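*Asks:* Sharing a sequence plus its predicted fold:
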Amino acid sequence: MTGDSDRALVSWSKANSHLTEAIAQDYDASPMAVIHSSYYAMFHAARAALFKTGGQAPKRHDVVIQQFGLLVRDFDDAIRLAGKAFNAVKDERTAADYDETVLPSPEDAREALQAAIAFLTICAGRFGFGTPMATRR
């Protein structure tokens, strides 16, 4: 199957927008917002990679993570580890949003944001999207 560059670029744009939002948030005042935006940056970056390489991308979050993992399974350790971080941030976002026993800390937010920056940076390099906008400062 051939890639879908147009849909990949739209997804990449969404990833950049979410990353910019995550960076703009205050860790102390709104750690859940940072985690949420960081996760969605990763989600849309993964979808962009799937669109670019295979022409389609699922919408369900767990399926996107699974498909991305399959895509990068034969790549180097760095991108496979980034894929694992994507899954971990998804779990953190889900817990932050839905688990009444979890209250994310500013440190949790910092870690999620760093994972998102690393994920978008490595996806940009591996799939030819160019440097994420939010990291160009």
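*Replies:* Everything's here; your move.

*Asks:* what helix or strand does the most centrally placed residue in the chain sit in?
*Replies:* Centroid-nearest residue in the chain: Met42, 0.6 Å away (criterion: C-alpha atoms, centre = their mean). Following DSSP states H and E, one finds Met42 within helix 31-54.

*Asks:* Does that helix pack against any helices or strands, and if so which?
*Replies:* helix 5-24, helix 61-72, helix 77-98, helix 106-127 (3 or more C-beta pairs under 8 Å, 6 or more residues apart in numbering; DSSP states H and E). Bear in mind the C-beta positions are built from the backbone N, C-alpha and C, glycine included.

*Asks:* Next, format those helices as JSON lines and append mean neighbour count and mean pLDDT.
*Replies:* Putting the helices and strands packed on helix 31-54 into JSON lines (neighbours: other C-beta atoms under 10 Å; pLDDT from 0 to 100) gives the following:
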{"stretch": "helix 5-24", "mean neighbour count": "19", "mean pLDDT": "96"}
{"stretch": "helix 61-72", "mean neighbour count": "17", "mean pLDDT": "96"}
{"stretch": "helix 77-98", "mean neighbour count": "17", "mean pLDDT": "95"}
{"stretch": "helix 106-127", "mean neighbour count": "21", "mean pLDDT": "96"}
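
*Asks:* Nearest to Pro31, out of those helices?
*Replies:* Closest to Pro31 of the helices and strands packed on helix 31-54, according to C-beta to C-beta: helix 106-127, at 3.7 Å.

*Asks:* That closest one packs against which elements?
*Replies:* helix 5-24, helix 31-54, helix 77-98.

*Asks:* Thanks a lot, catch you later.
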